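1. kindly return the folded structure for what I paste below:
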Amino acid sequence: MTAFAFASVSPVLREFLARQGIERGELTLAGIAGSRRAYYRLRLPRAGGDEPSSYIVLVAPGDDLDFGRFLRITQFYRMLRFPVPRVYCIDDAARQVLLEDLGPVRLYDALREDRARGRAGYRKTLELLADLQTRCGPFHRECPDIHSRVFDKTQLLWETGYYRENYLEGHRGLRGLGPDSALQPVFEALAARVDAHPKTILHRDFQSQNLMVKPDGSVHVIDYQGSRLGSHAYDLASLLLDPYVMLPDADIAELLAYFHSLLDGAPPFEAFRAAFWEAGMQRIMQALGAYCFLSRVKGIAEFEAHIPAGEARLRWLIERAGRPEWKAILPD
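-> Next up is the predicted model:
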């Protein structure tokens, strides 16, 4: 899926480009999502003034159930001036979209290439998350794709079932841990606690590879078609406990305290941190399940490399949270 010629761009998108005086351009693969949604960077032969020098062409598979949802949620976030890419042209039939190019630098890259820039990016990202939860959150009813989807106990238990099936059974080869095992009450209790957290708009995959850092240092959000209502701590845990980057303990502590300071009416810090650990257990189990499913079932080999980091982060959470029953979640 790496080759994509200009002629493969849908006629609807090419007609839009032609009206801008663009009839050719070089396309290179910018990224592929786990859903097999592909993103191609279209570099233009000329640009001047305020004209873009490149676009992103989104190509979705025909069975992508999130295609329409992505477009509607984009419109909602753009209406609220929340930083997501502009949409220039849509071809529903071809499942192609012409998007604003936010550049090649993810928060993941910024941290690896320049620690100071990466740390600044994390603080700006937390400010965005606070804005999403506090300013944007009250408007969730304006977007049925978000308002009608609630990440509740049922969905949380689906997530831990996904972890059990793909990591414990599929990757580790463990047996006897099914719904009737002693592990299920641990999952039930955790899901109930996370479901009881205050709910707000949830991105659901708010991690370093879905956050773009532009040259001016501003941060934009991508891959948000899974947005819904859910725990206020889940996106925070996705960001700060991200196995892709494995932030040091000191950075996690500092950034957790910074986010707490951004929230008006936040609960006492100890309660806030406990909710963070609970949501973190859910999130890292989901991530481990996804790494195993995408590598073993979908054949996307690069995800296998992240399994050890996911295991290490889950162990880290179990040690810090002081919940002895959580030890059963990651057998020796």
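
2. show me where the stretch 151-300 of the chain has its helices.
-> For the stretch 151-300 of the chain, helices defined by DSSP state H, counting those that start in this stretch occupy the ranges 153-163, 183-195, 234-240, 249-262, 269-292.

3. continuing past the last one, what's the next helix or strand?
-> Using DSSP states H and E, the helix or strand that directly follows helix 269-292 along the chain is helix 307-321.

4. using PDB, list the CA coordinates for that next one.
-> Output of helix 307-321 as PDB, limited to C-alpha atoms (Å, rounded to 0.1, in the frame of the first residue of the first chain):
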ATOM      1  CA  ILE A 307       4.600  -5.500  23.700                       C
ATOM      2  CA  PRO A 308       7.500  -5.400  26.200                       C
ATOM      3  CA  ALA A 309       7.000  -1.700  26.900                       C
ATOM      4  CA  GLY A 310       3.200  -2.300  27.400                       C
ATOM      5  CA  GLU A 311       4.000  -5.100  29.900                       C
ATOM      6  CA  ALA A 312       6.500  -2.900  31.700                       C
ATOM      7  CA  ARG A 313       4.000  -0.100  32.000                       C
ATOM      8  CA  LEU A 314       1.300  -2.400  33.300                       C
ATOM      9  CA  ARG A 315       3.800  -3.800  35.900                       C
ATOM     10  CA  TRP A 316       4.600  -0.100  36.800                       C
ATOM     11  CA  LEU A 317       0.900   0.600  37.400                       C
ATOM     12  CA  ILE A 318       0.400  -2.500  39.600                       C
ATOM     13  CA  GLU A 319       3.400  -1.600  41.700                       C
ATOM     14  CA  ARG A 320       2.300   2.000  42.300                       C
ATOM     15  CA  ALA A 321      -1.400   1.700  42.800                       C
END
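
5. strands along the protein, start to end?
-> Along the chain, counting by DSSP state E, strands occupy 26-32, 38-43, 54-59, 87-91, 96-100, 199-202, 211-213, 219-221, 228-231.

6. and of the ones you listed, who's closest to residue 148?
-> Taking C-beta to C-beta, strand 228-231 is the member of the strands of the chain nearest to residue 148, at 8.3 Å. Placement of C-beta: from N, CA and C, glycine included.

7. got the helices of the stretch 151-300 of the chain as TSV, with distance to residue 171 columns?
-> Output for those, formatted as TSV (distance: least, C-beta to C-beta, whole Å):
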stretch	distance to residue 171
helix 153-163	10
helix 183-195	16
helix 234-240	21
helix 249-262	26
helix 269-292	4
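
8. most neighbours per residue, which of these?
-> helix 234-240 (a mean of 25; mean count of other C-beta atoms under 10 Å).

9. packing partners for that helix?
-> Counting contacts by 3 or more C-beta pairs under 8 Å, 6 or more residues apart in numbering; DSSP states H and E, helix 234-240 packs against helix 115-131, helix 249-262, helix 269-292.

10. what angle do the first one and helix 249-262 make?
-> Here helix 115-131 points in a direction 30 degrees away from that of helix 249-262 (axes from the mean of the first three to the mean of the last three C-alpha atoms, to 10 degrees).

11. work out the gap between helix 115-131 and the centre of the chain.
-> 15 Å (C-alpha atoms, centre = their mean, to the nearest Å).

12. next: stretch 105-122.
-> That offset, for stretch 105-122, works out to 17 Å (C-alpha atoms, centre = their mean).

13. measure it end to end?
-> One end of stretch 105-122 sits 14 Å from the other (C-alpha to C-alpha, to the nearest Å).

14. pull out the buried residues from that stretch.
-> For stretch 105-122, burial by neighbour count (16 or more other C-beta atoms under 10 Å) applies to 105-111, 117-122.

15. how about stretch 214-226?
-> 219-226.

16. coming back round to it: now the strands of the chain as CSV including mean pLDDT and distance to residue 141?
-> Shown next, in CSV, are the strands of the chain (pLDDT from 0 to 100; distance: least, C-beta to C-beta, whole Å):
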stretch, mean pLDDT, distance to residue 141
strand 26-32, 90, 32
strand 38-43, 94, 30
strand 54-59, 96, 27
strand 87-91, 97, 22
strand 96-100, 97, 26
strand 199-202, 97, 11
strand 211-213, 97, 26
strand 219-221, 98, 21
strand 228-231, 98, 10
